[in-house]
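> Just a sequence and a predicted model for now, questions to come.
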Amino acid sequence: MSDNPAETERTVEDAVVVRRAPRYVNFLLLGAILGVIAALVLTFAFPPETQPDATTVVEYSAAQVFGFLLLFTIPAGVALGAVVALVLDRIGSRRETIVAAQNVRTSSVDVHSEPDAAPEEPPASARDARPAVHPPTTEGPAA
(Lines give C-alpha, C1' and ligand atoms only; values in the text may rest on other atoms or scores of the structure.)
Protein backbone atom coordinates (compact mmCIF):
# COMPACT_ATOMS: atom_id res chain seq x y z
CA MET A 1 0.00 0.00 0.00
CA SER A 2 1.32 3.49 -0.71
CA ASP A 3 1.89 6.32 1.71
CA ASN A 4 -1.00 8.33 0.30
CA PRO A 5 -4.07 7.89 2.55
CA ALA A 6 -6.38 8.65 -0.39
CA GLU A 7 -5.32 5.47 -2.24
CA THR A 8 -6.92 2.15 -1.53
CA GLU A 9 -5.79 -1.23 -2.78
CA ARG A 10 -7.97 -4.27 -3.14
CA THR A 11 -6.49 -7.68 -3.87
CA VAL A 12 -8.62 -10.44 -5.31
CA GLU A 13 -7.37 -13.97 -5.89
CA ASP A 14 -8.75 -15.83 -8.88
CA ALA A 15 -8.16 -19.23 -10.42
CA VAL A 16 -6.88 -18.80 -13.99
CA VAL A 17 -6.48 -21.39 -16.73
CA VAL A 18 -3.09 -21.25 -18.47
CA ARG A 19 -2.42 -23.12 -21.69
CA ARG A 20 -0.47 -22.78 -24.89
CA ALA A 21 -2.34 -21.85 -28.04
CA PRO A 22 -1.06 -21.70 -31.61
CA ARG A 23 -0.97 -18.45 -33.56
CA TYR A 24 -3.46 -19.08 -36.32
CA VAL A 25 -2.15 -16.38 -38.67
CA ASN A 26 1.27 -18.05 -38.77
CA PHE A 27 -0.27 -21.38 -39.71
CA LEU A 28 -2.46 -19.79 -42.38
CA LEU A 29 0.52 -17.97 -43.91
CA LEU A 30 2.62 -21.13 -43.83
CA GLY A 31 -0.21 -22.98 -45.60
CA ALA A 32 -0.38 -20.26 -48.27
CA ILE A 33 3.38 -20.48 -48.81
CA LEU A 34 3.16 -24.24 -49.14
CA GLY A 35 0.35 -23.75 -51.66
CA VAL A 36 2.58 -21.50 -53.78
CA ILE A 37 5.39 -24.05 -53.64
CA ALA A 38 2.99 -26.84 -54.61
CA ALA A 39 1.74 -24.78 -57.57
CA LEU A 40 5.32 -24.15 -58.68
CA VAL A 41 6.21 -27.83 -58.49
CA LEU A 42 3.05 -28.88 -60.34
CA THR A 43 3.63 -26.28 -63.05
CA PHE A 44 6.99 -27.72 -64.04
CA ALA A 45 6.38 -31.38 -63.07
CA PHE A 46 4.55 -32.24 -66.25
CA PRO A 47 6.08 -31.52 -69.66
CA PRO A 48 4.04 -29.33 -71.98
CA GLU A 49 2.40 -30.96 -74.95
CA THR A 50 4.43 -30.19 -78.03
CA GLN A 51 2.16 -31.89 -80.53
CA PRO A 52 -1.24 -30.20 -80.78
CA ASP A 53 -4.03 -32.60 -81.65
CA ALA A 54 -7.69 -32.24 -82.52
CA THR A 55 -8.77 -31.94 -78.86
CA THR A 56 -6.21 -29.23 -78.01
CA VAL A 57 -7.76 -25.93 -78.87
CA VAL A 58 -5.78 -23.55 -76.66
CA GLU A 59 -2.20 -23.75 -75.47
CA TYR A 60 -1.35 -22.19 -72.10
CA SER A 61 2.03 -20.77 -71.14
CA ALA A 62 3.80 -21.87 -67.97
CA ALA A 63 2.85 -18.58 -66.26
CA GLN A 64 -0.82 -19.14 -67.05
CA VAL A 65 -0.69 -22.71 -65.73
CA PHE A 66 1.06 -21.43 -62.59
CA GLY A 67 -1.69 -18.82 -62.11
CA PHE A 68 -4.45 -21.37 -62.57
CA LEU A 69 -2.83 -23.73 -60.08
CA LEU A 70 -2.42 -20.91 -57.55
CA LEU A 71 -6.20 -20.48 -57.57
CA PHE A 72 -6.55 -23.98 -56.14
CA THR A 73 -3.36 -24.63 -54.15
CA ILE A 74 -3.33 -21.46 -52.03
CA PRO A 75 -6.84 -21.98 -50.59
CA ALA A 76 -6.04 -25.67 -50.08
CA GLY A 77 -2.82 -24.76 -48.25
CA VAL A 78 -4.59 -22.19 -46.08
CA ALA A 79 -7.28 -24.75 -45.20
CA LEU A 80 -4.63 -27.34 -44.37
CA GLY A 81 -2.82 -24.81 -42.14
CA ALA A 82 -6.07 -24.01 -40.35
CA VAL A 83 -6.77 -27.70 -39.71
CA VAL A 84 -3.26 -28.22 -38.32
CA ALA A 85 -3.67 -25.17 -36.05
CA LEU A 86 -7.04 -26.44 -34.80
CA VAL A 87 -5.62 -29.89 -34.05
CA LEU A 88 -2.69 -28.35 -32.15
CA ASP A 89 -5.11 -26.11 -30.26
CA ARG A 90 -7.15 -29.14 -29.17
CA ILE A 91 -4.00 -30.94 -28.06
CA GLY A 92 -2.90 -27.85 -26.13
CA SER A 93 -6.26 -27.55 -24.38
CA ARG A 94 -5.72 -30.98 -22.82
CA ARG A 95 -2.50 -29.78 -21.19
CA GLU A 96 -3.97 -26.77 -19.45
CA THR A 97 -3.10 -25.95 -15.86
CA ILE A 98 -4.99 -23.94 -13.28
CA VAL A 99 -2.97 -21.39 -11.31
CA ALA A 100 -3.84 -18.78 -8.72
CA ALA A 101 -3.56 -15.16 -9.85
CA GLN A 102 -3.75 -12.01 -7.78
CA ASN A 103 -5.65 -9.06 -9.18
CA VAL A 104 -4.61 -5.86 -7.42
CA ARG A 105 -6.84 -2.86 -8.00
CA THR A 106 -5.73 0.54 -6.83
CA SER A 107 -8.15 3.41 -6.67
CA SER A 108 -7.27 6.93 -5.66
CA VAL A 109 -9.39 9.84 -4.61
CA ASP A 110 -8.22 13.38 -5.37
CA VAL A 111 -8.57 15.15 -2.02
CA HIS A 112 -7.63 18.56 -3.46
CA SER A 113 -10.49 18.90 -5.94
CA GLU A 114 -13.85 20.34 -5.06
CA PRO A 115 -16.66 17.84 -5.60
CA ASP A 116 -19.21 20.45 -6.70
CA ALA A 117 -16.95 22.30 -9.14
CA ALA A 118 -18.26 22.40 -12.70
CA PRO A 119 -15.89 21.40 -15.47
CA GLU A 120 -14.16 24.25 -17.24
CA GLU A 121 -15.68 25.39 -20.50
CA PRO A 122 -13.41 26.03 -23.45
CA PRO A 123 -12.81 29.66 -24.34
CA ALA A 124 -15.33 31.29 -26.66
CA SER A 125 -12.84 31.46 -29.53
CA ALA A 126 -12.31 27.69 -29.44
CA ARG A 127 -16.00 26.93 -28.93
CA ASP A 128 -17.18 29.03 -31.87
CA ALA A 129 -14.38 28.14 -34.24
CA ARG A 130 -15.52 26.05 -37.18
CA PRO A 131 -13.38 24.61 -39.91
CA ALA A 132 -13.45 26.56 -43.14
CA VAL A 133 -15.52 24.77 -45.75
CA HIS A 134 -14.92 25.72 -49.34
CA PRO A 135 -17.75 24.86 -51.76
CA PRO A 136 -16.65 22.88 -54.81
CA THR A 137 -16.08 24.94 -57.89
CA THR A 138 -18.05 24.24 -61.02
CA GLU A 139 -15.70 26.08 -63.25
CA GLY A 140 -13.92 24.07 -65.90
CA PRO A 141 -10.24 24.26 -66.66
CA ALA A 142 -8.90 27.60 -67.81
CA ALA A 143 -8.95 27.90 -71.58
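Right, received. Where do you want to start?
> quick one: buried residues of the top helix by length along the chain?
For the chain, the helix that runs over the most residues, judged by DSSP state H, is helix 62-94. Neighbour counts using 16 or more other C-beta atoms under 10 Å place Val65, Phe66, Leu69, Leu70, Thr73, Ile74, Gly77, Val78, Leu80, Gly81, Ala85 of helix 62-94 among the buried residues. For glycine as for every other residue, the C-beta is placed from the backbone atoms N, C-alpha and C.
> same for it, what does it pack against?
For helix 62-94, the packing partners by 3 or more C-beta pairs under 8 Å, 6 or more residues apart in numbering; DSSP states H and E come out as helix 24-45.
> Counting neighbours, which bits of the helix it packs on end up buried?
Under 16+ other C-beta under 10 Å, the buried positions of helix 24-45 are Phe27, Leu28, Leu30, Gly31, Ala32, Leu34, Gly35, Ala38, Ala39, Thr43.
> Among those residues, which one lies nearest to Thr8?
Nearest to Thr8 among the buried residues of helix 24-45 is Phe27, at 45.4 Å by C-beta to C-beta.
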